[in-house]
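J.: coords below, sequence missing:
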């Protein structure tokens, strides 16, 4: 998949995850407890996961090139 | 070729040495521009069936709105519907703006005139065209939905906003149509590239029109008008500066 | 990219991550249990957030203020724990205003204010009545310790400032890099250099788009628990969405133009358009329209009042760290793309 399809897809999946998580009862209270510190945890997790997914993709591209090179030589 | 022609012509009349050379240059440019504009209008006029098609499109859209709504409950709906119609009409009109010309015609034009004038003529023509179409759609809206909600409309303000919004749409979309045409990405590309580009303009013009229809005072609505003006200028300047690069082969 | 930049980036991010979560909150007033005040004796519970009621029990005072002109002190206090205290206050029949405020004051926390609307019943309102028997002026003392400022609905989630806002700053920096390279790509005549600049511009825009998505998603989550909805009608929010769409359109344009030279030229032109649009949407438009973001119709990002020194000491390093990280990822993306091109040409 190209970047133009994957980025919106990641975005939609993340949003769907959050929606479905909040739909369960108790999730609401979970985020509100102890002064909304859980919101900060969620935001930090999203940032980390987002960056890691992107780095994973970069890594995959390098792997693909390496494979091609091996295949080309033999 | 054009330069050779120009220089020999100008030398023969001793034009370059005269004091009004600079002024003459401007006139020369205006002449090019008006000639190109005339060409666009003439082309449109010769294809009356296409013109009729676009107007039919406007009529059909407004009629569908009428069938769906019967009567409009709020002024906000009025403004939003008007501009949804306006935007789709503009897209419809824009898709023909470059595709009617063959590659040969373009090459011919390119040798004759500065590409800046080509885009300018097209953009100005499209701006006028979209403005006229929007006026037509306002007429149809008034025809179908009546004026029951529009007691306190500030018509001069509304029309000024309509004009600025239409020219903004015309300018921005002409440029986008140029890009889409050059990329050979097909008809759909104009909409994909164009929609996000005109979004700020659209938000502002809907806000302005709704306020004008509600009868807001000119001072309270002046900010929207200013934003519209700024967006017009920005898209004009960007088209003017960037189009030569787009046209370069 | 120099190694010390990477080390600096890592250090800044580590600092920001640790201290955005580590720093305590400054104390603040959370709520009062009273829903309605009436003449005579009123009993209610006053609760604070991060306060030290028990620790500074001796100096604790709780007040009911009426339109900040008349202040009535609570004469019976019963401290439950550090954040809760039972209060009893005597109010007269005649008062001057309908606006009630609650405040507590002690030596550790300074003055804490609860400003929630409270109903009333049975009062006689009369202008200029004041001077009750038990009257104090509320001492305006600042919290002496170090902590992030307390704000009513946001509370702990003010720490998101160090995670959410740097996303936009990073996106802006990356888009600016893309913009500059697009201009340079157009400035040069056709040839290899133009393609290289185009590659840089598109890699910067790709990474910028990732940060844009992160900003949107984190903003959506934060908005849900402060403004109550996943999406609110705010000019910056809508603007950010349009910026996202514009840059997605940029990549669609790129993928639908097969010819390399043509793609470089067209996407550079569109990128310039997109950048100008982004500046208009995120810097200019929010100034003219009202929104929920702090500093509405003024500074679009945030104004001074909610960015005090404790926040700044973490916020600026966080921004710098994320910007460097964004630049780092952009370089990685660019180098990998260049290698891929080279690789394709070889095969």
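T.: Alright, I've got the coordinates. Because the structure is predicted, anything quoted here is derived from the model rather than measured.
J.: Tell me the secondary structure of residue C:102, please.
T.: Assigned with DSSP: H, G, I helix; E, B strand; the rest coil, residue C:102 falls in the strand class.
J.: which bits of chain A sit near chain B?
T.: For chain A, the contact set with chain B under CB under 8 Å from any CB of the partner chain is empty. Any C-beta I mention is one placed from the backbone N, CA and C, and that applies to glycine too.
J.: Could you list the low-pLDDT ranges of chain A?
T.: A:1-8, A:10-11, A:14-35, A:72-74 (pLDDT under 70).
J.: Kindly report the same for chain B.
T.: B:1-27, B:99-103, B:185-187, B:249.
J.: Same check on the stretch 201-347 of chain C?
T.: For the stretch 201-347 of chain C (pLDDT under 70), the answer is C:289-292, C:294-307.
J.: now residue A:55: how far from residue A:48?
T.: 11 Å (CB to CB, to the nearest Å).
J.: just residue C:70 next, same as before
T.: 52 Å.
J.: Start from the N-terminal end of chain C and give the strands.
T.: Along chain C, the segments classed as strands by DSSP state E run C:28-32, C:36-37, C:40-49, C:61-66, C:70-73, C:76-81, C:84-91, C:94-95, C:100-106, C:110-114, C:119-120, C:124-125.
J.: Show me what the last one is packed against.
T.: Other helices and strands packing on strand C:124-125, by 3 or more CB pairs under 8 Å, 6 or more residues apart in numbering or on different chains; DSSP states H and E, are strand C:94-95.
J.: try the third one
T.: In this structure, strand C:40-49 packs against strand C:28-32, strand C:84-91, strand C:100-106, with contacts taken as 3+ CB pairs under 8 Å, 6+ apart.
J.: Please identify the most buried of those strands.
T.: Of these, the one with the most neighbours on average (mean count of other CB atoms under 10 Å in any protein chain shown) is strand C:100-106, at a mean of 22.
J.: Next, the angle strand C:61-66 makes with it.
T.: If you take axes from the mean of the first three to the mean of the last three CA atoms, to 10 degrees, strand C:100-106 sits at 160 degrees to strand C:61-66.
J.: Which strands or helices does strand C:100-106 pack on?
T.: strand C:28-32, strand C:40-49, strand C:61-66, strand C:110-114.
J.: can I get those in CSV with mean pLDDT?
T.: Formatted as CSV, these follow (pLDDT from 0 to 100):
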stretch, mean pLDDT
strand C:28-32, 82
strand C:40-49, 85
strand C:61-66, 81
strand C:110-114, 81
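J.: With distance to residue B:45 added, can I get these in CSV?
T.: Formatted as CSV, those follow (distance: least, CB to CB, whole Å):
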stretch, distance to residue B:45
strand C:28-32, 71
strand C:40-49, 73
strand C:61-66, 76
strand C:110-114, 72
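J.: Ok, which of the ones you listed comes nearest residue C:312?
T.: For residue C:312, the closest of the helices and strands packed on strand C:100-106 is strand C:28-32, at 19.1 Å, according to CB to CB.
J.: Report the contact partners of residue C:77.
T.: Under the criterion of CB atoms under 8 Å, 6 or more residues apart in numbering or on different chains, the contact partners of residue C:77 comprise C:60-62, C:85-88.
J.: looking at it, residue C:323 is touching residue C:171, isn't it?
T.: No. With contact defined as CB atoms under 8 Å, residue C:323 does not count as touching residue C:171 (9.7 Å).
J.: okay, these two: which has more neighbours?
T.: Using other CB atoms under 10 Å in any protein chain shown as the criterion, residue C:323 and residue C:171 rank with residue C:171 on top: 29 against 20.
J.: Was I right to think that one contacts residue C:213?
T.: No. Using CB under 8 Å, residue C:171 makes no contact with residue C:213, being 9.3 Å away.
J.: how about the helices in chain A?
T.: In chain A, the helices defined using DSSP state H lie at A:3-23, A:27-73.
J.: And chain B, by the same measure?
T.: So, for chain B - with DSSP H - the helices run B:2-12, B:21-46, B:48-69, B:75-99, B:103-112, B:115-145, B:155-183, B:188-214, B:218-247.
J.: So which elements touch the longest one?
T.: Think helix B:115-145. Helix B:115-145 packs on helix B:21-46, helix B:48-69, helix B:75-99, helix B:155-183, helix B:218-247, going by 3+ CB pairs under 8 Å, 6+ apart.
J.: which of those helices is buried the deepest?
T.: helix B:155-183 (a mean of 24).
J.: That one and chain A in contact?
T.: No. For helix B:155-183, no contact with chain A is found by CB under 8 Å from any CB; the gap never falls below 14.5 Å.
J.: Helix B:115-145 and that helix, what's the angle between them?
T.: 130 degrees.
J.: Does stretch B:67-83 reach chain C?
T.: No. For a cut-off given as CB under 8 Å from any CB, stretch B:67-83 has no contacts with chain C; the smallest distance is 13.2 Å.
J.: what about that stretch, how long is it end to end?
T.: 18 Å (CA to CA, to the nearest Å).
J.: Pick the most deeply packed of the helices and strands packed on strand C:100-106.
T.: For those, the highest mean count by mean count of other CB under 10 Å goes to strand C:61-66, at a mean of 22.
J.: Name the strands paired with it and say parallel or antiparallel.
T.: strand C:70-73 (antiparallel), strand C:100-106 (antiparallel) (DSSP bridges).
J.: Tell me what angle it forms with strand C:76-81.
T.: Going by the same axes, to 10 degrees, strand C:61-66 makes 120 degrees with strand C:76-81.
J.: Off-centre distance for strand C:61-66?
T.: How far strand C:61-66 lies from its chain's middle: 31 Å, per CA atoms, centre = their mean, to the nearest Å.
J.: Tell me the residues on chain C that lie near chain B, please.
T.: Residues of chain C lying near chain B (CB under 8 Å from any CB): C:186, C:238-239, C:242, C:245-246, C:248-249, C:252-253, C:256-257, C:262-263, C:265-266, C:268-270, C:272-274, C:276-277, C:280-281, C:284-285, C:288.
J.: which of those are buried?
T.: Among those, those buried by neighbour count (16 or more other CB atoms under 10 Å in any protein chain shown) are C:186, C:238-239, C:242, C:245-246, C:248-249, C:252-253, C:256-257, C:263, C:265-266, C:268-270, C:272-274, C:277, C:280-281, C:284-285.
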